[in-house]
Each structure stands twice: as structure tokens, then as C-alpha cells.
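quick one, what's the 3D model for this:
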Amino acid sequence: MRLIVCVDDGMGMMFNKRRQSKDAKVREDMLAMLSCDKTLFVTPYTAKQFLPEEQERLTVLDDGLQGGLPGAEEYFFAEDTPVIGLETATEQVILYRWNRAYPSDVKFLFDLSGYELISCEDFIGNSHPEMKKEIYRKRVIS
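Coordinates of the predicted model:
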């Protein structure tokens, strides 16, 4: 699975059962990463932030990850889903980092120690002019 998460400077994901932010440029970039035959896996909560014309690119997991995980080459955008313990199933992590510190009550508690940073780029969002997009790949143990 390829896990996508948006975090603030304190690794916060949500506050008071709400996403901290949503950004049209981030959504556009996520969908651009998908090949033409792939969809973005999301929860019903996350699907609400996508425009009607973007909805056809989504696979909505009505029961979150309870029904199983997306495959190795598939993308899952986690906003309201705990990601603790998903390290075994996750080949790649894509972090969009807001350049802000918001209050948060849901944090990104994913152990990145088994991953290597393979790409880091400045990213200009719609709601946040200074963002970073970081891509981590699971280290190959030989």
C-alpha cells in the first residue's frame, strides 16, 4: 500500500473530529500520482472533500480498513483512520506537510524508521503557500 497523509508541524492530522485543512492543489497532486487504471482509496469522511468530478477516481471504503487493506501498488489517503501498525503493509508513505502548527487530537503515529526519504519537494498549495511533499520508501533488508 502507498499511504498518503497530510500533517502539520506537530504531525497532527485532525482536531475535534475534523480535518485540520483541505487543499485543492493537494487533491489535484494526489490524483495526478495515480495511473489511469488506479483509484484513490478513501473513507466516506475523506470522500466528502473531493469535487463531484473527482469522485470517479475514488474507491470509498465504507468500513475503513476493516474490510482489508489496499494492495501494494494502491494508494490510501488517511485522514480519520489510525495508521498505527500499518508499517508492515505499507511500501511507501507520501506526506504533505503544512507549514503550520495547529491544535490536534489525532496524530500521525507511524514509525518511519524503516523507511528512507527518496523525494522532498516544496509544494505550493491552495490554502498553504508553503508546503512540502515528502515521499518515503520502505528500506529493503538484504
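
just to check, Glu79 is in contact with Met14?
Yes - between Glu79 and Met14 there is a contact under C-beta atoms under 8 Å: 6.7 Å. In short, each C-beta sits where N, CA and C put it, glycine included.

partners of the helix-or-strand element of the chain with minimal mean pLDDT, with directions?
Every helix and strand in the chain was compared by mean pLDDT, DSSP states H and E; the lowest is strand 18-19, with a mean of 86. Pairing partners of strand 18-19, with direction, according to DSSP bridges: strand 12-15 (antiparallel).

flag every buried residue along the strand it pairs with.
Of the residues in strand 12-15, those scored as buried under the neighbour-count criterion (16 or more other C-beta atoms under 10 Å) are 12-14.

any chance you could list what contacts it?
Contacts to strand 12-15, defined as C-beta atoms under 8 Å, 6 or more residues apart in numbering, come from residues 5-7, 19-20, 78-80, 101-108.

one more: stretch 27-44?
Residues lying outside stretch 27-44 but in contact with it, judged by C-beta under 8 Å, 6+ apart, are 4, 49-51, 54, 57-62, 64, 70, 73-77, 79-81, 94, 96, 123, 133.

so where do the strands sit in this structure?
Applying DSSP state E to the chain gives strands spanning 2-7, 12-15, 18-19, 40-42, 58-60, 75-77, 92-98, 106-107, 115-123, 131-138.

could you dump those strands to CSV with distance to Leu31?
Formatted as CSV, the entries for these read as follows, by distance: least, C-beta to C-beta, whole Å:
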stretch, distance to Leu31
strand 2-7, 11
strand 12-15, 20
strand 18-19, 17
strand 40-42, 7
strand 58-60, 9
strand 75-77, 9
strand 92-98, 13
strand 106-107, 24
strand 115-123, 15
strand 131-138, 14
